[in-house]
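Here is a sequence together with a model predicted from it:
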Amino acid sequence: MSTSPKKPLSGRRIVLGITGGIAAYKMPDLVRRLKDYGADVRCVITQGGQAFITPLTLQAVSGNPVHHDLLDPAAEAAMGHIELAKWADFVLIAPASANTIAQLAHGHAPDLLTTLCLATAAPVAVAPAMNQQMWAHPAVQANCALLQSRGVTVITPASGAQACGDVGAGRLPEPLELREAVTKLLTVTSNELAGKHLVITAGPTREAIDPVRYLSNHSSGRMGFALATAAQRMGAHVTLVAGPCQLPTPAGVTRIDVVSAEQMNTAVMGVIAEADIFIGCAAVADYRPTHVADNKIKKDNDAMHIALVKNPDILANVAALAKAPFTIGFAAETNDVAHYAQDKLQRKKLNMIAANDVSDTNIGFNSEDNAMLLFWRDTNNTVQQQALARASKSAIAQQILQQAAKLLSNNQ
């Protein structure tokens, strides 16, 4: 007997938030498209949204009651906004008006939709739709950047003719495009890491010299963020401890922002007890100034001498724990890559190490691509290696995690 293939969003519970904008007329079609993929959709509509589309239409296509009042006595008897917040696997706001984006960015909750977004642990995405001049306004761009820094996905508007007659960026993507964006954010590519908790460090650290200056490096954080994204899509629960970098938090990933190596060490040690895998991908500064000046150091002399002290070795600290997780290190080298990587594998008692040559500008810091050498010890304590040819950092991340999952399985 043949069975139908599983739909991409089968069993997924999506809250669709609809705010005021002419593009709201596309939302019944989006609801239908999401349901075609197997999703269960509940709609929340703002007062502005109701000027463009009726709750009755949304109820007819979703098959669920439509929510619109924060203080509806019937709903609030069961704490309706909290119930919805807990029910959701994913929250999509489309169209997202400039006003709603501003409210979310600054933690305001004047209506049911914004209150729900503050109360949910589910990933949130916004699909802005507005006049091209409004979309380009620095305040709107700053609010979107702030949301992204907190893990909200901002789906880039399309360009073209707008209802007001203008032409430019600000159009809501078509329902099929929105569905594919949601599917990409929610799709688990495999279950190889299902049930596993990964703690990943990413980006540089900054070690203060005075209130103005600091010591740092060129790490962009892209490799660590690619690992976090890939791990989440392989079924893992992911905690990302990130140094200063301007990258959006991957959907479904818990992010902890830090600045210095000491802060990163504290953050890692605060969550590592529950981790199955630790990946030290951050480019942690080896040293920090012994003394941080209270005021800006003036340029009085031709030379300046700064005394440095060693920072905590986060990777070694994790590997040395009595109940250490499967620990993966990174070695960013400029020469003798294989030699230094194998030395680090042995010296820090790691389970695996990924090494690359950052002197190659095609795969070094700030590049979109990477190439790696993986080293690990087999059950006979013999060092094994695998070369990962140049590819996107997303593809490299998946290959690293697949090898880690295999080794972890063999060790259990």
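Arrived safely. Residues are numbered from 1 along each chain as shown.

So what does Leu84 have for phi and psi?
The phi/psi pair for Leu84 (degrees, to the nearest 10) reads phi -60, psi -40.

hang on, it packs against His67?
Yes. Using CB atoms under 8 Å, Leu84 is in contact with His67, at 6.5 Å. Using the backbone N, CA and C atoms, a C-beta is placed for each residue, glycine as well.

Report the set of residues contacting both of those two.
42, 44 (CB atoms under 8 Å, 6 or more residues apart in numbering).

In the chain, where's the longest helix?
Using DSSP state H to define each element, the chain has its longest helix at helix 393-411.

Give me the helices and strands touching it, please.
Counting contacts by 3 or more CB pairs under 8 Å, 6 or more residues apart in numbering; DSSP states H and E, helix 393-411 packs against helix 222-233, strand 277-280, strand 326-333, strand 352-357, strand 369-377, strand 383-392.

the domain parsing of this protein - what is it?
Following automatic domain parsing, one finds the domains of the chain at 13-186, 197-294+305-411.

TSV for the ones you listed, including distance to Lys7, mean neighbour count and mean pLDDT?
Listed next are those as TSV, based on distance: least, CB to CB, whole Å; neighbours: other CB atoms under 10 Å; pLDDT from 0 to 100:
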stretch	distance to Lys7	mean neighbour count	mean pLDDT
domain 13-186	3	19	88
domain 197-294+305-411	17	19	90
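
which stretch of helix or strand covers the closest residue in space to Ala273 that isn't next to it in sequence?
Nearest residue to Ala273, sequence neighbours excluded (CB to CB, 6 or more residues apart in numbering): Lys323, at 7.7 Å. Under the criterion of DSSP states H and E, Lys323 resides outside all helices and strands.

Just the terminal-to-terminal distance for stretch 270-289.
24 Å (CA to CA, to the nearest Å).

will you turn the helices and strands packed on helix 393-411 into CSV that also has distance to Phe52?
Formatted as CSV, the helices and strands packed on helix 393-411 follow (distance: least, CB to CB, whole Å):
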stretch, distance to Phe52
helix 222-233, 34
strand 277-280, 46
strand 326-333, 50
strand 352-357, 50
strand 369-377, 44
strand 383-392, 40
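
which phi and psi does the residue positioned nearest the centre of the chain have?
For the chain, Pro250 is the residue whose C-alpha lies nearest the centre (CA atoms, centre = their mean; 1.6 Å). The phi/psi pair for Pro250 (degrees, to the nearest 10) reads phi -60, psi 140.

which ones are touching it?
Per CB under 8 Å, 6+ apart, neighbours of Pro250: 151, 225, 228-229, 232, 238, 240.

would CSV of these with distance to Gln133 be doable?
Formatted as CSV, those follow (distance: CB to CB, whole Å):
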residue, distance to Gln133
Gly151, 28
Phe225, 32
Ala228, 35
Thr229, 33
Gln232, 36
Val238, 38
Leu240, 35
